[in-house]
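J.: need a 3D model of the sequence below.
(one chain, ligands or ions: 1)
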Amino acid sequence: MSIESYAATFSDTVLAVALLWLFSYAARIAVGVRGIRLWGWSHLAYTLGSAIQTTALWPLPVQHAGALLAVAGLGGLAVAMRLFVHQQPLSATERRLLALPLMAAAACVAYGSVAGGTELDSVALAGVEMCVIASFAYHLQALRSAPYHAPAQLMRAGCALLLLLYLADLGTLLVRGSAARLAGDATWIAADLSLWFLLNFSMVMLASFRALEAMRHMAHIDPLTGALNRRGFEAAVATPAEGAPAAAPTGVLVIDVDHFKQVNDRFGHEAGDRVLRSIASTLLSEIRPVDLLARFGGEEFVIVLADCDGEAAFARAEHLRERAKALQFEWLDAHVRITLSVGVASGPASDIERLRQQADEAMYEAKRGGRDRALRHGAAAQARAAA
Ligand SMILES: Nc1nc2c(ncn2[C@@H]2O[C@H](COP(=O)(O)OP(=O)(O)OP(=O)(O)O)[C@@H](O)[C@H]2O)c(=O)[nH]1
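T.: Numbering: from 1, shown residues only. Here you go, the predicted structure:
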């Protein structure tokens, strides 16, 4: 390996530090998104470890330590990619599957350090690199929708080329010995570094998209209850589900907690917050994934029921009112129950804002009528006209 090659390899470590900074920055913005920071640290460990392992200037024990660091970094990269794509913790089987090649590689390096030379290190590293890159390509298949699709496909193409590169190197290493290795060749090293740059470049894009998604999510969610806030509600209503007909019957409920101020005044703001959280989780547990729940500030909630005519919407409103009434809160030895006033409106899905206003009017009518009741829009006027 020439001095130019050392320089190229260690400049890659400097780039890995810069990338770590970028990934850490994206991770700070993408609160709750898994895998981004781990990718940055693992890539640095892998880059530094392989730079040390392939640099003949270092004493052999240091080169072996470099190989172990690179193997650990590769393990971290595999975990990071799996977490990033699926955003779920690893299963026990996945942990075992990951541990196998890492332990085999560590055993190879340990044996090599006893036997002398770094040939076994190189074989172990190339083997783990191929397993990990194949796992990247496998997981990235799951990122099929925009905006993730294009960078994920680019990354998969990079993985395919890297696999060919490592296969060719491993082949020459096993058949013709370390002196004939392709990995010592400047062109091979340039191709390797460029492909890893492509992988990281794509990963930065993917992480940025995830960060944007997390920011948009936070801007649309009410932090107290986890329901949509007003902005989230408006965005959700403006982008109806794919294939949903504009004329589909839709029910809108406006729900207001009765005499909520008294809860705050008697038991404090904390207790009021607990009531709001509890009501929101009860409402959320009662609606379907196609429905929407939003908190419109204060103690007012709005529910949009997809594919639901007026009769069904009223029945849902009565059910929710009963469920909330059954909740029990206990503070300072007092048993507190709360009641809801619910306004109901129904009509085509294309007219949700008008339906919300009608349901709001019906809710105020329910308040005026004595609270703890559900009322359909126009029902009070009809009742008055009939009387
Ligand atoms: N704990 C808590 N209270 C809130 C929050 N947002 C608004 N409030 C309180 O909600 C109360 C709303 O009171 P009002 O609008 O008078 O209504 P109400 O007491 O429920 O009476 P009616 O609606 O007429 O039955 C006020 O005391 C607000 O301070 C919140 O996030 N947490």
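
J.: what about this protein, any weak spots by pLDDT?
T.: Applying pLDDT under 70 to the chain picks out residues 1-9, 115-118, 178-179, 240-244, 246, 332, 380-387.

J.: I'd like to know how many residues surround Lys367.
T.: When neighbours are defined as other C-beta atoms under 10 Å, Lys367 has 16 of them. In short, each C-beta sits where N, CA and C put it, glycine included.

J.: right, I mislabeled it, should have said Pro61
T.: By other C-beta under 10 Å, neighbour count at Pro61 equals 9.

J.: is it true that it touches Val114?
T.: No - with contact taken as C-beta atoms under 8 Å, Pro61 and Val114 are classed as non-touching, separated by 11.2 Å.

J.: could I get the contacting residues of Arg288?
T.: Ala306 (C-beta atoms under 8 Å, 6 or more residues apart in numbering).

J.: so it, which of the three states?
T.: coil (DSSP: H, G, I helix; E, B strand; the rest coil).

J.: the helix or strand hosting Cys131 - contacts with which helices or strands?
T.: Under the criterion DSSP states H and E, the helix or strand holding Cys131 is helix 119-140. Under the contact criterion of 3 or more C-beta pairs under 8 Å, 6 or more residues apart in numbering; DSSP states H and E, the helices and strands touching helix 119-140 comprise helix 36-53, helix 60-86, helix 92-115, helix 149-176.

J.: tell me which stretches of the stretch 201-350 of the chain form strands.
T.: Counting by DSSP state E, counting those that start in this stretch, residue ranges of the strands within the stretch 201-350 of the chain are 249-257, 292-295, 300-305, 329-331, 334-336, 340-348.

J.: enumerate every residue touching the residue of the stretch 101-250 of the chain found nearest the ligand.
T.: Minimum separation of the stretch 101-250 of the chain from the ligand (C-beta to the nearest ligand atom) falls at Leu224, amounting to 5.6 Å. In this structure, Leu224 makes contact with 273, 276-277, 280, 295, judged by C-beta under 8 Å, 6+ apart.

J.: and the residue in the stretch 51-200 of the chain that the ligand sits nearest to, how many neighbours?
T.: Of the residues in the stretch 51-200 of the chain, the one nearest the ligand is Gln87, at a distance of 29.2 Å by C-beta to the nearest ligand atom. In terms of burial, Gln87 registers 12 neighbours under the definition other C-beta under 10 Å.

J.: can you tell me, leaving aside adjacent residues, what's nearest to it?
T.: Arg34 (5.5 Å; C-beta to C-beta, 6 or more residues apart in numbering).

J.: how about that neighbour, secondary structure?
T.: coil.

J.: report the separation between it and Val79.
T.: Summarising the geometry, the distance separating Arg34 from Val79, computed by C-beta to C-beta, to the nearest Å, is 10 Å.

J.: residue of the stretch 251-387 of the chain with the smallest distance to the ligand?
T.: Nearest residue of the stretch 251-387 of the chain to the ligand (C-beta to the nearest ligand atom) works out as Gly272 at 2.5 Å.

J.: ok, that residue - contacts?
T.: Under the criterion of C-beta under 8 Å, 6+ apart, the contact list for Gly272 reads 260, 263-264.

J.: again, only this time at 6 Å
T.: Contact analysis of Gly272 by C-beta atoms under 6 Å, 6 or more residues apart in numbering lists 263-264.

J.: and for His217, the neighbour number?
T.: Using other C-beta under 10 Å, His217 has 14 other residues around it.

J.: next, count neighbours for Val204.
T.: Counted by other C-beta under 10 Å, the residues lying close to Val204 total 18.

J.: now it, nearest residue through space, not along the chain?
T.: According to C-beta to C-beta, 6+ apart, the nearest residue to Val204 is Leu22 (5.9 Å).

J.: distance of that neighbour relative to Ala315?
T.: 53 Å.

J.: also Ser113?
T.: Counting by C-beta to C-beta, the separation of Ser113 from Ala315 is 73 Å.

J.: these two: who's more crowded?
T.: For Ser113 and Ala315, the more surrounded residue by other C-beta under 10 Å is Ser113, and the numbers stand at 19 against 14.

J.: which ones are touching that one?
T.: Counting by C-beta under 6 Å, 6+ apart, the residues that Ser113 touches are His64.

J.: excluding chain neighbours, give the residue nearest to the residue of the stretch 1-150 of the chain found nearest the ligand in space.
T.: Closest to the ligand within the stretch 1-150 of the chain is Val31: 21.3 Å, counting by C-beta to the nearest ligand atom. Leaving aside its chain neighbours, Val31 sits nearest to Ala214 (5.9 Å; criterion: C-beta to C-beta, 6+ apart).

J.: which positions in the stretch 101-250 of the chain make contact with the ligand?
T.: Taking C-beta under 6 Å from any ligand atom as the test, the list of the stretch 101-250 of the chain residues beside the ligand reads Leu224.
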